[in-house]
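Peer 1: take this sequence and fold it.
(chains A and B)
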Amino acid sequence: MEFFLIGLVAIGVGTVIWPYVAKTSAPWAGWLSAVAPAAIFLWLLTQAGPIAKGEIPSWSGQWVPQLNVALSFRLDGLGLLLSLLISGIGFLILIYGGAYLKGSPHAVPFFVYIQLFMLAMLGVASSGHLLVLFIFWELTSLASYLLIGLSHSELKARKAALRALFVTGAGGLALMAGILLLGLAGGSFDLHILQQNGDAVRNSPLYPAIFVLVIFGTFTKSAQVPFHFWLPDAMAAPTPVSAYLHSATMVKAGIFLLAKLFPVLGGTAVWHDTLTLTGAATMLLGAVLALAQTDLKRLLAYSTMSALGTLVMLLGIGTELAVTAAMLFLVVHALYKAPLFMIAGVVDKAAGTRDITQLDGLGCQMPFLAGAAALAAFSMSGIPPFIGFIGKELLYEAEINAGGYAVLVTCLGFAANAINVTVALKVGISPFRHRGRLREINPKARNLTLLIGPILLAVAGTIVGIFPAILGDGLIHAAVRDVTRHEPHVHLKLWHGFNWVLALSAVTVAVGVILYIFRDTVRALARVAVHCFPATASEMFDATLAAIIRLSASITRWIQHGNLRLYVAVVLVCLCGLVIAALASTPWTLAVPGSAVRLVPMGIALLIVVSGITAIQSHSTVMAVLAMGGVGLGVALLFAFFGAPDLALTQLLVEILTLVLCALVFRQLPAIRAISSASERNIDLILSAVAGAAVTIALLAVRSAPALDSGRVSADMAAKSLPEANGMNVVNVILVDFRALDTLGEIAVLAIAGMGVAALLLGSGRRDLRAELAIATPLFRTSVTWLTPLLLFMSVVLLFRGHNEPGGGFTGGLLAASALLLKRLAESDRPLHGNRTPLLLIAGGLSAAAISAVPALFFQKTFMSGFWLEGSVWLPFVGKTKFGTPFLFDVGVYFVVIGVCLLILTRLLRTEEPRKVRVA
Amino acid sequence: METLIILLAGFLFACGFFLILRRNITQVLIGVLFLSQAANLAILAVSGLGTGISAIVQNGAASPPSGHADPLPQALILTAIVIGFGVFSFAVVLLKKAFRDLGTDDTDHLNKADF
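Peer 2: Numbering: from 1, shown residues only, chains lettered A, B, ... in the order given. As a prediction, the model looks like this:
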């Protein structure tokens, strides 16, 4: 099994390497990339014997042990069968694709996606765990989307790719839900265990839901009615893709999963009815639609759809005979459909068209291609001694013994098979028949490499037809055993003697030939039948999708109306609703514990109230800004009064910077004027009053909570501040030590906000812009010359003593920023452009803060715990100071704050019009 | 005292709400600032105001004097003040740019174009 997994890894590595080769030579990339899948193919062949005997190769590795998800691979008979198809046809397709896409711009992405797809598909076939399988399953959908859309400059290809993605993606979602329920009902996601717990799943109340979801997932993947439409559309992909994904492998993934889950979900009446009827309907519809086509690839696509229907129907019938027929047909179909697709590609290249009404006479010019086409077409028609004949015999036998639906499925099967013969003749014979007319052949099509795949596969189909035991005794036997879970009696024979089945086969071929002879009439009739429907499935799907998009657009327009005030109003109404709901749902009392009312804070409160009323009433910008300052000052005073000196300091400094900011910006905005009407004002007033009341009540209710004043975490912090963190100012210790990680996040947010502002202000990029607002009086300049160093010194003192007394990185940084801003205002002449200092300060500050976290990592202590140097230093103006990582952290904060403030404010100094306003 | 400060915070909230409901962008900006002031005040008041002793260890003592104010909400508010300033400047610059590009100070007309 390790060999297989190494092969998978090799394919994965190949997705990166071979596209580079394809850049210079696509054929070389084809040959080189074919090595890994060819090696896997050969290894799989050596495993056929042991697996037939019941020795299942498996491998399991840890992936998410907490969720009991193992990366497990297990190759049973069924998985082996599919893996052989994937790797065997896969390496031929890679060789073919390299030659086919020689010189095409699609070659490079083709080799990325197709190998990714191959990897995913082999993963699906060999997964032993449902969740692992699901991941590979989704990867196949994704790769298929990319491959269908290879010619992404064409609208048709993009549309087809999106359709396929929507349909298979929706199926994938359903499948995921189904798999989760399945794991719940069956007690495990391990496929091996699940297959033994089939009865538990079938008797589970979840069974109907599991069934519907899994069936939806597999039917969309395998293009069953009514999800079939994406498959013919997917023919927009280059032919190697169609030959590989949409005939031989990906569409078989749905069938594979149905077969894999047959022991778990199968055997019930609903399984029997749903699969048999849907399969039969798909089989017939695909065949009838094929009759109406003239494009080689679309013909093949519809016949593939018909074949997928047949397979689902056989799994629905579910007898041992039917499962055997299904497993054989899986191989048979791949053996003739893949070469026919490849041949269609060569024909397209040679003649420049895929229209069968215009193709003829290629045979004598391309005899080998014609020979391979004939072999594949005869196999598809079910003529002895080809493998297709055995497949069809078995198919009829299974249909005749299908129990309740025997008559129905036999009749439908007969019709589909007869049409299949017609399609085979149209694709494999008609383009090559000589009608005495030689046509120009594109020399690019005369490439022997293009012939390798079709010839090998067609010959293989002939050989296993003559010696069916090669397939039957080993592969098919093992696959049927692992689906039905008992020892089957598989004996494939070419000759069963004269019986009803043989007669039916003969009549089928005869009817098919007749349909072929009258092909033009039949096509016209089929077209009439198709036109009876008002719209094709693709059109209906597109219309539905467009309707959904329109609906979501109108909902978005309704919700996202773009009116700022309405957004705010909605938020406020919801806020009130939330508060009411919260208060109504939990018991609460209004008993606010509190300290005694004192006079000073009442006075400050009065200042705030008056400022607030001024702010909402005033129509003068100056008054509004003053009122704003009043509120800020009041709040700072309250902080000071209630034992929060750090907050008071910070608030005051921020207030100064805010005022500068407002002075810089507001004078560029028009004066406040009354825009809203009186009634609007009144409504807003009521709404804000109610929302304010709601917030107040919520706050009071929180304050009344009895648990609020006991067992606070901060008590612990206050006790540990000095002994463990060497800091006397507990607030600062919390910021730079106990909760340093929070602070790190906060200064990062600050840095991002600052850079956002800078980005918004990038503007004109003129190099000669100078500070617009320059207070360049001599007196001001002189005083600033003295004041700035003094203020900067004070800010450093604040930073150093912050750990023990009010101060710290935040306040120090704000003070330093104010000082530097003052200096900037005095220097009207220096150009503003290209000043990187603030950005460097921010980067340096963030780095310092981050570096301070590093030592703890090396000593296996809690992340960001502090390290201190022994002893302390006496510093003037500061006193005894200890140094350690928290101090470094605070220095980082200091620089980030300076950088952000400078970044914002110096950029605001300039405006678009370089006019100079002198405030003397 | 807590009740009164909470009422004061609620009043500031109401003023802020009213201001950000204005159509004038200058008033909206002042409203944003009011809301952050109100929130800071609310955090302080809800956690209890105490008697005005700050959480600073005195020389020679091992822990802050009894009855000290709770330091944790203060640490929260401190960063909130600075971040509030960052957010406020961002809003100021955004609306200034909106005004310059769209030529209106009326928020009802700010929905007319993407800028």
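Peer 1: what's the helix or strand bottoming out on mean pLDDT in chain B packed up against?
Peer 2: Across the helices and strands of chain B, mean confidence by mean pLDDT, DSSP states H and E is lowest for helix B:71-102: a mean of 87. Here helix B:71-102 is seen to pack against helix A:645-666, helix A:713-725, helix A:730-733, helix A:740-760, helix A:809-826, helix A:885-908, helix B:25-46 when contacts are counted using 3 or more C-beta pairs under 8 Å, 6 or more residues apart in numbering or on different chains; DSSP states H and E. Where C-beta positions appear, they are placed from N, C-alpha and C, glycine not excepted.
Peer 1: residue contacts, the closest residue to A:V600 other than its chain neighbours?
Peer 2: Using C-beta to C-beta, 6 or more residues apart in numbering or on different chains and skipping the chain neighbours, the partner closest in space to A:V600 is A:F641 (6.0 Å). By C-beta atoms under 8 Å, 6 or more residues apart in numbering or on different chains, the contact set of A:F641 is A:600-601, A:604, B:52.
Peer 1: do you know how far A:E55 is from B:T51?
Peer 2: Distance, A:E55 to B:T51, using C-beta to C-beta, to the nearest Å: 82 Å.
Peer 1: I meant A:R202, not that one.
Peer 2: Distance, A:R202 to B:T51, using C-beta to C-beta: 73 Å.
Peer 1: those two: which is more packed in?
Peer 2: With neighbours defined as other C-beta atoms under 10 Å in any protein chain shown, A:R202 and B:T51 compare such that A:R202 has more, 18 against 14.
Peer 1: the more buried one contacts A:P263, doesn't it?
Peer 2: No: between A:R202 and A:P263 there is no contact under C-beta atoms under 8 Å: 10.1 Å.
Peer 1: just the buried ones out of the contacts of A:F641, please.
Peer 2: Buried members of the contacts of A:F641, counted by 16 or more other C-beta atoms under 10 Å in any protein chain shown: A:601, A:604, B:52.
Peer 1: with A:G7 as the reference, measure out to the closest residue to A:Y96 other than its chain neighbours.
Peer 2: Of all residues not flanking A:Y96 in the chain, A:G453 sits nearest, at 4.3 Å (C-beta to C-beta, 6+ apart). Note on A:G453: its distance to A:G7, by C-beta to C-beta, is 20 Å.
Peer 1: please identify which of the two sits among more neighbours.
Peer 2: Neighbours were tallied for A:G453 and for A:G7 using other C-beta under 10 Å; the higher tally belongs to A:G453 (29 against 22).
Peer 1: pretty sure A:K23 contacts A:P105?
Peer 2: No: counting by C-beta under 8 Å, A:K23 stays clear of A:P105, with 10.4 Å between them.
Peer 1: so which bits of the stretch 801-920 of chain A are right by chain B?
Peer 2: Within the stretch 801-920 of chain A, the residues that sit near chain B (C-beta under 8 Å from any C-beta of the partner chain) are A:804-806, A:810, A:814, A:897, A:900-901, A:904, A:908, A:912.
Peer 1: please repeat the previous calculation with a cut-off of 10 Å.
Peer 2: Residues of the stretch 801-920 of chain A found near chain B, taking C-beta under 10 Å from any C-beta of the partner chain as the criterion, are A:804-806, A:808-811, A:813-814, A:879-880, A:893, A:896-897, A:900-901, A:903-905, A:907-908, A:911-912.
Peer 1: where does the prediction get shaky in chain B?
Peer 2: B:111-115 (pLDDT under 70).
Peer 1: got it, and the stretch 351-500 of chain A?
Peer 2: Low-confidence segments of the stretch 351-500 of chain A (pLDDT under 70): A:435-439.
Peer 1: residues contacting the residue of it found nearest chain B?
Peer 2: Closest contact between the stretch 351-500 of chain A and chain B, by C-beta to the nearest C-beta, is at A:R354 (45.7 Å). A:R354 makes contact with A:235, A:239, A:294-300, A:344-345, A:347-348, A:427, A:431 under the criterion C-beta atoms under 10 Å, 6 or more residues apart in numbering or on different chains.
Peer 1: by neighbours, which of those residues wins?
Peer 2: A:L300 (30 neighbours).
Peer 1: need the next SSE after the one helix or strand it maps to, C-terminal direction.
Peer 2: According to DSSP states H and E, A:L300 maps onto helix A:296-317. Next along the chain after helix A:296-317, taking DSSP H and E as the criterion, comes helix A:320-351.
Peer 1: next structured bit after that following helix?
Peer 2: Using DSSP H and E, the helix or strand that follows helix A:320-351 in sequence is helix A:367-381.
Peer 1: for the next helix or strand after that next one, name the packing helices and strands.
Peer 2: Using DSSP H and E, the next helix or strand after helix A:367-381 towards the C-terminus is helix A:387-400. Here helix A:387-400 touches helix A:296-317, helix A:320-351, helix A:367-381, helix A:406-428, helix A:448-466, helix A:500-517, going by 3 or more C-beta pairs under 10 Å, 6 or more residues apart in numbering or on different chains; DSSP states H and E.
Peer 1: what's the angle between helix A:387-400 and helix A:367-381?
Peer 2: On the basis of axes from the mean of the first three to the mean of the last three C-alpha atoms, to 10 degrees, helix A:387-400 is oriented at 10 degrees to helix A:367-381.
Peer 1: that's all I had, so thanks and see you.
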